[in-house]
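>>> Any chance you could fold what I've pasted below:
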Amino acid sequence: MRIAVTGSIATDHLMAFDGRFADSLVVEQLHRVALSFLVHDLQIRRGGVAANIAFGLAALGERPVLVGAVGEDFAEYRSWLERSGVDCSGIHVSSVLHTARFICTTDRDQAQIASFYAGAMSEARQIELGPLASQESIDLVLVGPNDPEAMLRHTEEARDRGIAFAADPSQQLAWSDGPQIKALVEGAAFLFSNDYEAALISSKTGWNDADVLARVGVRITTHGKDGAVVEQEGVSAVHVPVVPAQVIADPTGVGDAFRAGFLAGLAWELPHERCAQVGSLLATLVLETVGTQEYRLDRAAALRRVADAYGDEAAAEIGHHLSGAVRA
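You can find the predicted model right below:
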């Protein structure tokens, strides 16, 4: 299964604040907030939603096509991704703009305050999927958060070409209006969001949960520590709990890893519950690691954790596919 992953490609600047943001917020003064937090750690890591998902797919033995726009400062990052098994032939390089930057501070409660500089991402709207599909057919396009015009273009092109697509608007939901969200979601084979984003979709489109399910194939909603729910019209919802974390290092990229695992499960032709279990495993590995692409997947250890969380049958079924993806 050839999966094209479109969306942001960025460098993450991750900082840690040894306190609680909530202690510094005065509700009556939020209209004129001016705050500074003294952080005690800074990590500069590779990131971006699309790059994170593509890396996760490659870690599971797939060879995804990464589609996005970067600056000329991307050479080292490209080398890393290619060595990790990601096909970078869908990347556009800007001659004038830097690769996007994600700057995020996480407090003691795992709350986050972040800023995102789009940079070269604004040129992603120039990328056509057709040339990539002509080289080798594309079975699924994930349309992740990106330049808004690029998201619409990739979605419309997937529809026009009859390519199944997964809608994952996530961070861009805050800036999108109802008609834009409808254009991104309508007809998606899969819709990914967390519970807060699911509420945004409903409030901005006016669709209730039944309306959404009538417009997409499968809806996958993550609920943080409470796991994920997989829904499909006319089918009972499936709840998948998390794989318990041994340590919490940094939550950045957890949702991206879940999507990578779920998509890998689809490529392996697993049922949706198993797909979500693979996603939950990968999400926990990222949660336990600082950096979105710094984790390593040890097959034996991973299957023990799957068995503990979901049972021996799940471990056996997932392990059959991991045996060809990850070195023993």
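
>>> Pull out the buried residues from the single longest helix found in the chain.
In the chain, taking DSSP state H as the definition, the longest helix is helix 272-287. For helix 272-287, the neighbour count (16 or more other CB atoms under 10 Å) marks 272, 274-287 as buried. For the C-beta atoms, the positions are set from N, CA and C on the backbone; glycine is no exception.

>>> Residue 212 belongs to a strand?
No: using DSSP: H, G, I helix; E, B strand; the rest coil, the assignment for residue 212 is helix, not a strand.

>>> quick one, strands of the stretch 1-150 of the chain?
Secondary structure of the stretch 1-150 of the chain (DSSP state E, counting those that start in this stretch): strands at 3-6, 10-16, 41-47, 65-70, 87-93, 100-106, 112-117, 140-143.

>>> Mind giving me the packing neighbours of the longest helix of the chain?
Packed against helix 272-287 by the contact rule (3 or more CB pairs under 8 Å, 6 or more residues apart in numbering; DSSP states H and E) you find strand 218-222, strand 228-232, strand 235-240, helix 254-267, helix 299-310, helix 312-322.

>>> how distant is the fourth one from the center of its chain?
The one in question is helix 254-267. 8 Å (CA atoms, centre = their mean, to the nearest Å).

>>> okay, the angle between it and helix 272-287?
Helix 254-267 runs at 140 degrees relative to helix 272-287, counting by axes from the mean of the first three to the mean of the last three CA atoms, to 10 degrees.

>>> ok, now the fifth one?
With the same axes, to 10 degrees applied, the angle from helix 299-310 to helix 272-287 works out at 120 degrees.

>>> in helix 299-310, what's buried?
With burial defined by 16+ other CB under 10 Å, the residues of helix 299-310 counted as buried are 302, 303, 305, 306, 307, 309, 310.

>>> Setting aside sequence neighbours, what's the nearest residue to the first one?
Beyond its immediate neighbours in the sequence, the residue positioned closest to residue 302 (CB to CB, 6 or more residues apart in numbering) is residue 281, lying 6.0 Å away.

>>> Now do the contacts for that neighbour.
Residue 281 sits next to 243, 261, 302, 305, 306, 309, 318 when contact means CB atoms under 8 Å, 6 or more residues apart in numbering.

>>> Kindly indicate which of those residues lies nearest residue 116.
The closest of the contacts of residue 281 to residue 116 turns out to be residue 261 (CB to CB; 24.0 Å).

>>> Just list the residues touching the nearest residue to residue 52 once chain neighbours are set aside, thanks.
Using CB to CB, 6+ apart and skipping residues adjacent in sequence, the residue nearest residue 52 is residue 256, 3.6 Å away. When contacts are counted by CB under 8 Å, 6+ apart, residue 256 is found next to 49, 52, 53, 56, 286, 292.

>>> Kindly recompute the last result at 6 Å.
Shown in contact with residue 256 (CB atoms under 6 Å, 6 or more residues apart in numbering): 49, 52, 53.

>>> Of those residues - the most surrounded one?
residue 53 (33 neighbours; other CB atoms under 10 Å).

>>> now, the most widely separated pair of the buried residues of helix 272-287?
Maximum distance among the buried residues of helix 272-287 (CB to CB): 22.1 Å, for 272 and 287.

>>> Leaving out sequence neighbours, find the closest residue to residue 66.
Of all residues not flanking residue 66 in the chain, residue 54 sits nearest, at 4.4 Å (CB to CB, 6+ apart).

>>> State the distance from the one you found to residue 260.
8 Å (CB to CB, to the nearest Å).

>>> Also residue 37?
Between residue 37 and residue 260 the computed distance is 31 Å (CB to CB).

>>> Show me which of these two is the more surrounded one.
residue 260 (30 against 14).

>>> shouldn't that one be in contact with residue 59?
No: proximity of residue 260 to residue 59 does not meet the contact threshold set by CB atoms under 6 Å, at 7.6 Å.

>>> Neighbours of the nearest residue to residue 197 once chain neighbours are set aside, how many?
Leaving aside its chain neighbours, residue 197 sits nearest to residue 173 (5.4 Å; criterion: CB to CB, 6+ apart). When neighbours are counted by other CB under 10 Å, residue 173 registers 20.

>>> contacting residues around the closest residue to residue 144 other than its chain neighbours?
Spatial nearest neighbour of residue 144, chain neighbours left out: residue 7 (2.7 Å); criterion: CB to CB, 6+ apart. By CB under 6 Å, 6+ apart, the contact set of residue 7 is 49, 50, 144, 145, 146.

>>> now the closest residue to the second one other than its chain neighbours: how far from residue 304?
Yep, that's residue 50 we're talking about. Spatial nearest neighbour of residue 50, chain neighbours left out: residue 7 (3.2 Å); criterion: CB to CB, 6+ apart. Residue 7 is 32 Å from residue 304, where distance means CB to CB.

>>> likewise residue 113?
According to CB to CB, residue 113 stands 36 Å off from residue 304.
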